[in-house]
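K.L.:
test case, fold it:
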Amino acid sequence: PVPAPVAAPVVPMPAAAPEKPAVAAAVVEARFNAEALFDFDRAVVKPEGRKMLDEKIVASMKMYPEVALLIIIGHADRIGTEAYNQNLSERRANAVKAYLVKQGIAAERMMASGKGESEPDAEANTRQACKGMKDDKLIACLQPDRRVTVESQKRTSASLKY
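P.N.:
Next comes the predicted model:
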């Protein structure tokens, strides 16, 4: 008689380590109203703005080292001269970058720039919506144009240097 086949012992598979969510869920894009980060016509990050940056950007950048570059872009409304608004948007973007550097994010992982008033919020359509307004009503209406956006670029094999 032929001996019966012996079943191989069952070896439990080790539990898979939980995977991190995709980088896309981490820091692909964050938009901050300027008033959340700064006082009107200022470029010093407010305490509540620092808290928002800590929660949305700092934690993600520390968790996802594969994010190679953060692009920080400041925007301004059309109140004031074009040159002034360009400067203000750059100062705000650089203030956000400086704060993130203080929180341990390497400056080499960030690029800050300003767009001034050149890219108003398309969804808000402030050119039409705020037409004819003045003073406080105009300031309130143009709020969507005053913002800082943060976008990430994931490191790819093409971006790695050997």
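K.L.:
tell me where this protein has helices.
P.N.:
Here the chain has its helices, by DSSP state H, at 24-27, 34-37, 47-53, 59-63, 82-102, 126-129, 135-141.
K.L.:
for A95, see how far away the residue nearest to Y99 when sequence neighbours are not counted is.
P.N.:
Computed as Cβ to Cβ, 6 or more residues apart in numbering, the closest residue to Y99 that is not its neighbour in sequence is V45, at 5.0 Å. Using the backbone N, CA and C atoms, a C-beta is placed for each residue, glycine as well. Computed as Cβ to Cβ, to the nearest Å, the V45 to A95 distance reads 5 Å.
K.L.:
then M110?
P.N.:
Counting by Cβ to Cβ - M110 and A95 are separated by 12 Å.
K.L.:
so which residue is smack in the middle of this structure?
P.N.:
Centroid-nearest residue in the chain: V150, 2.4 Å away (criterion: Cα atoms, centre = their mean).
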